[in-house]
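Q: I would like to see how this sequence folds:
(one chain, ligands or ions: 2)
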Amino acid sequence: MKTEVAVVDETEIDMEIIKRAGDILKEGGLVAFPTETVYGLGGDALNRESSKKIYAAKGRPSDNPLIVHIADMDMLGPIVEMIPEMAEKLAARYWPGPLTMILKKSEKVPLETTGGLDTVAVRMPKHNTALALIRAAGGYIAAPSANTSGKPSPTQARFVKEDMDGRIEMILDGGAVGIGLESTIVDLTEGKPMILRPGYITKEMLEETLKIPVALDRTILQADTGKAPKAPGMKYRHYAPKGTLTIVAGEEQKVIQAINERAEQMRKKGEKVGVIGTAETAALYRADSVKSAGNRQKEETVAKELYRILREFDDEDVTVIYSEAFENTGFGQAIMNRLLKAAGHRVEYAGETFIQRNEDEMQHDIRIKMP
Ligand code: TXA
Ligand code: MG
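A: Numbers count the residues shown, from 1 in each chain. Ligands and ions are numbered 1, 2, ... in the order given. Alright, predicted model coming up:
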């Protein structure tokens with residue numbers, strides 16, 4: 001299959017391109033498109049054959065449900081059993097935006113789209129190209145992140161092309177995304193709202209709108225607890241770079257020293273070493289490849305660069321990676337969640353080594369915080 005790449009501009013929608021892409025989706029084909037979080041791999045959410053094609057293109061297990069993207073609030077009713085008051089409040093406040101809600105699904109949504117579950121994940125992206133495409137496709141686009149299963153989500157169209165060239169009909173290239181990490185997922189099917197995946201919309205933001213406590217799936221920041229995470233996708237070792245990644249936490253000067261020592265040891269052993277630092281520290285590292293994840297004071301920049309950096313280390317065949325830790329609160333929780341997963345929860349605390357293994361070690365989450 002030849003994959004067409006069309007450059008789009010969200011400030012000036014080219015309806016000819018959008019219509020062509022919408023027609024591909026209506027006919028059961030696949031189109032990758034930009035959203036404010038990461039690029040999505042879209043198919044018609046109400047067409048079971050399209051959902052099967054998405055799993056095939058990604059090489060993704062078909063028990064891992066897809067997010068249904070809508071463009072208008074009127075489109076929510078038909079795909080859910082009912083709209084709880086909490087969903088109405090959150091939609092009014094955060095849609096369009098980087099928030100996915102899990103609701104009971106209606107008959108209209110095929111089980112192929114929801115990975116066999118009787119619930120459906122719904123989100124209204126804050127991106128004009130995505131919204132125009134959803135409308136052109138008939139209102140419902142199922143879209144996981146547009147990466148091959150096991151790779152970091154694509155934050156630029158060139159990464160989508162790397163993974164999907166020849167596997168899908170079209171890629172809409174809208175440039176680099178704004179946020180860089182996937183949407184927050186909140187489950188509203190069980191009375192008490194629970195975050196299944198942290199993202200730009202934080203627990204505090206949800207609580208402020210709902211005026212009730214919001215729980216956090218305990219599997220989010222921990223290593224394998226033996227418990228299945230509620231979002232099936234979170235159980236897979238996602239976001240894993242080819243190189244072995246270790247997070248080094250602690251006081252800044254000690255972290256720099258520890259990483260430089262380890263880097264030197266590893267290079268002597270013949271490893272190719274990469275380091276993820278920040279604008280403040282990058283110049284102080286000695287390794288084969290040092291990358292700055294942006295300004296430590298601005299979590300947004302770190303989120304935006306993280307997946308690009310992990311992909312670049314893969315391209316450079318880096319075999320060992322060390323990363324600084326980031327603040328584990330607010331949006332930083334989403335950054336650390338992705339980084340911990342990429343690291344298989346390998347964390348060293350400036351000198352002493354430990355690997356998070358079980359619930360008893362939950363306190364280590366606190367120690368990951370930079371002082
Ligand atoms: O920002 C995003 O959410 C991006 C863009 C493209 O919208 N999409 C995305 O999709 O990250 P994906 O498929 O890579 O991640 C969806 C996650 C998976 O972990 C999946 O298991 C979970 O959502 N999920 C989907 N439906 C669910 C459901 N009914 N119940 C629980 N978890 C669900
Ligand atoms: Mg994904």
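Q: can you pull the residues of the stretch 1-150 of the chain lying near ligand 1?
A: With Cβ under 6 Å from any ligand atom as the criterion, the stretch 1-150 of the chain meets ligand 1 at residues 35, 37-38, 40, 64-67, 100, 102, 114, 117, 119-121, 123, 125, 143-145. C-beta here means a position set from N, CA and C on the backbone, and glycine is covered the same way.
Q: what do you get if the cut-off is 5 Å, keeping everything else the same?
A: Thr35, Thr37, Gly40, Pro65, Ile67, Ile102, Leu117, Thr119, Ala121, Ala143, Pro144, Ser145 (Cβ under 5 Å from any ligand atom).
Q: most neighbours among those residues, please name it.
A: Per-residue neighbour counts (other Cβ atoms under 10 Å) across those peak at Gly40, which has 31 neighbours.
Q: leaving out chain neighbours, which residue sits closest to that residue?
A: Ala143 (3.2 Å; Cβ to Cβ, 6 or more residues apart in numbering).
Q: can you pull the contacts of that neighbour?
A: Neighbouring residues of Ala143 by Cβ atoms under 8 Å, 6 or more residues apart in numbering: Phe33, Thr35, Gly40, Leu41, Gly42, Gly43, Ile54, Leu66, Ile67, His69.
Q: point out where the chain drops to low pLDDT.
A: Residue ranges of the chain with pLDDT under 70: 220-229, 232-239, 351-371.
Q: which residue is most remote from the mean position of it?
A: Largest separation from the mean C-alpha position in the chain: Lys268, at 34.9 Å (Cα atoms, centre = their mean).
Q: Val290 reaches Ala279, doesn't it?
A: No - using Cβ atoms under 8 Å, Val290 is not in contact with Ala279; the gap is 11.8 Å.
Q: between the two, which one's more packed in?
A: Val290 (19 against 15).
Q: what about the more buried one, distance to ligand 1?
A: Separation of Val290 from ligand 1 (Cβ to the nearest ligand atom, to the nearest Å) stands at 29 Å.
Q: which strands or helices does the helix or strand hosting that residue pack on?
A: Under the criterion of DSSP states H and E, Val290 resides in strand 289-292. Judged by 3 or more Cβ pairs under 8 Å, 6 or more residues apart in numbering; DSSP states H and E, strand 289-292 is in contact with strand 273-277, helix 299-315.
Q: what's that strand in contact with?
A: Here strand 289-292 has contacts from 272-279, 282, 305, 309, 312-313, 316, 318, using Cβ under 8 Å, 6+ apart.
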